[in-house]
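[1] when you get a sec, could you give me coordinates for this:
(one chain, ligands or ions: 1)
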Amino acid sequence: MSKQKKSWVWQHFVSLPSGDVVSCQHCEKRLTYQGSTTSHLPKHLMNVHGLSRNEGKKKLEQKTILPFVEKLSPREEANINSALVEWIAKAQRPLSIVNDDGFAAFIEKLNPKYCLPSRQTVKSLVQQKFLQVKDNVCQFWSFIQYIFLLFLKLFCLSIVNGYREKRV
Ligand SMILES: [Zn+2]
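    Below is the predicted model of the structure:
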């Protein structure tokens, strides 16, 4: 490696395997780099990106810090997912609705923090919901069965008692 490669501009350019061509890490513009002549590289950084030797490193670091995006709590996300699944099931929407660009844009307008689940996730959530509903229905029917048997027992008892009373 030559001294030139250590120049500060190399923090912003990547040399491409195809000869004397470099690619700017900021805008992917390709610039030719002949031998050791790199003077036009800092010019590009200065003119296009406002970077100079001293602030170059600082600005690059700032650039790599992603903007802070506030996220929903897992509970909030689960609540919205649950409402989404209920709507999909009740309105008989296809699961692929989550891949619809217009729908995604609409959801983002409603809540930019919410990230639509994948089709696969929605599918498993629908299955979970179905099992949950089935469970509730089973519980409901066993309750009805229990009440019915209880009344049947009381009814039989009253007949037996009535029979006994008649005999006395
Ligand atoms: Zn550039």
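[2] would you mind listing what in this structure touches the ion?
    Neighbours of the ion within the chain, by Cβ under 5 Å from the ion: 24, 26, 27, 29, 48. Backbone N, C-alpha and C define where each C-beta goes, glycine included.
[3] narrow these to those in helices?
    Taking DSSP state H, the ones among these that sit in helices are residue 48.
[4] tell me the buried residues within the residues of the chain next to the ion.
    Buried subset of the residues of the chain next to the ion (neighbour count, 16 or more other Cβ atoms under 10 Å): 24, 26.
[5] want to throw the residues of the chain next to the ion into a markdown table with pLDDT and distance to residue 131?
    Supplementary listing: these in a markdown table, determined by pLDDT from 0 to 100; distance: Cβ to Cβ, whole Å:
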| residue | pLDDT | distance to residue 131 |
| --- | --- | --- |
| 24 | 90 | 54 |
| 26 | 88 | 51 |
| 27 | 91 | 52 |
| 29 | 87 | 55 |
| 48 | 87 | 57 |
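[6] the residues of the chain next to the ion in strands, which ones?
    Of those, the ones assigned to strands by DSSP state E are residue 24.
[7] give the contact list for the spatially most central residue of the chain.
    Residue closest to the mean C-alpha point of the chain, counted by Cα atoms, centre = their mean, is residue 115 at 4.1 Å. Residues in contact with residue 115 (Cβ atoms under 8 Å, 6 or more residues apart in numbering) are residue 77.
[8] that one: what secondary structure?
    Secondary structure, DSSP: H, G, I helix; E, B strand; the rest coil: residue 115 is coil.
[9] show the pLDDT at it.
    At residue 115, the predicted lDDT confidence score is 86.
[10] which one is residue 42 nearest to, not counting chain neighbours?
    Closest residue in space to residue 42, ignoring its immediate chain neighbours: residue 9 at 5.4 Å, by Cβ to Cβ, 6 or more residues apart in numbering.
[11] can you give me the neighbour number for residue 85?
    Per other Cβ atoms under 10 Å, the neighbour tally for residue 85 reads 22.
[12] let's verify it: helix, strand, or coil?
    Using three-state DSSP, the structure places residue 85 in helix.
[13] pretty sure it contacts residue 127?
    No: the criterion here is Cβ atoms under 8 Å, and residue 85 misses it with residue 127 at 9.7 Å.
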